[in-house]
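>>> Build me a structure from this.
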Amino acid sequence: MGKPSSSHDQIKILNEAASYGDIVQGDFIDSFQNLSMKALTCLKWINDYRIHAKYVIKADDDIFVNVFKVVEDILPMLSSRNTTVACHFKTSGTSVIIRDPQSIWFVSKDVFPGQKHFPDFCTGYATIFTNDVIPKMYEASFMAPFISIDEVYIFGLLLQFFKT
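Residues are numbered from 1 along each chain as shown. As a prediction, this is how the structure comes out:
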């Protein structure tokens with residue numbers, strides 16, 4: 001998570017972290033425009049602590065993940081693979097880039113100049129990937145241009161950058 005706008009809430013977060021050790025917090029305001037920073041903070045944490053899980057699931061907080069179905073149906077398909085991402089894939093040319101500065105989905109014209117659609121990316125509501133993808137994505141974050149649309153940044157640009 002990012003930092004809250006209220007110092008009172010930050011104290012609650014610090015108390016939670018001290019009591020349970022279950023908070024990962026980045027140095028940015030927690031807002032819709034900073035979702036890419038939030039996801040990048042997670043990548044950094046997983047990369048730094050080298051978790052030993054074979055798979056990582058990234059899911060939005062309003063999504064229910066049926067773990068039993070994941071274990072029964074999806075993981076067997078991934079079990080023999082490395083460097084794999086399972087997601088709802090959006091192909092290039094299917095998602096319009098919003099250039100209206102009043103929109104929460106706004107992307108300035110200097111990002112993807114001359115393009116009307118995003119390149120390939122995974123929608124971010126629920127994505128499963130093998131753990132070996134993490135260091136590659138994190139390394140790619142130092143080279144890829146940063147954009148605030150987290151799905152396109154994390155599961156589009158970073159994936160493309162480490163493949164090249």
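>>> any idea where the strands of the protein begin and end?
55-59, 85-86, 89-90, 121-122, 126-130 (DSSP state E).
>>> average model confidence for the second one?
Taken as a whole, strand 85-86 has an average pLDDT of 86.
>>> Tell me which residues are up against it.
With contact meaning C-beta atoms under 8 Å, 6 or more residues apart in numbering, strand 85-86 is reached by Ile74, Met77, Leu78, Cys122, Thr127, Ile128, Phe129, Thr130, Val133, Phe155, Leu159. (C-beta placed from N, C-alpha, C; glycine too.)
>>> In PyMOL, how would I select just the buried ones from these?
For the buried members of the contacts of strand 85-86, the matching PyMOL selection, counting by 16 or more other C-beta atoms under 10 Å, is:
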select buried, resi 78+122+127+128+129+130+133+155+159
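>>> Need the contacts of strand 85-86 in TSV (columns: distance to Met37).
Formatted as TSV, the contacts of strand 85-86 follow (distance: C-beta to C-beta, whole Å):
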residue	distance to Met37
Ile74	28
Met77	31
Leu78	28
Cys122	18
Thr127	17
Ile128	22
Phe129	19
Thr130	24
Val133	19
Phe155	15
Leu159	18
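>>> Closest one to Cys87 out of the contacts of strand 85-86, please.
Checking the contacts of strand 85-86 against Cys87 by C-beta to C-beta gives Cys122 as the nearest, at 3.3 Å.
>>> I'd guessed that closest one sits against Ser95; true?
No. Applying C-beta atoms under 8 Å as the test, Cys122 and Ser95 come out as separate, 11.3 Å apart.
>>> what's Pro119 in contact with, if anything?
Ser92, Phe112, Val152, Gly156, Leu157, Gln160.
>>> what do you get if the cut-off is 7 Å, keeping everything else the same?
Ser92, Gly156, Gln160 (C-beta atoms under 7 Å, 6 or more residues apart in numbering).
>>> re the thing from before, what's the closest of the contacts of strand 85-86 to Ser108?
Phe155 (20.5 Å).
>>> Next, count neighbours for the closest residue to Thr130 other than its chain neighbours.
Leaving out its chain neighbours, the residue that sits closest to Thr130 by C-beta to C-beta, 6 or more residues apart in numbering is Thr84, at 4.9 Å. By other C-beta atoms under 10 Å, 14 other residues sit near Thr84.
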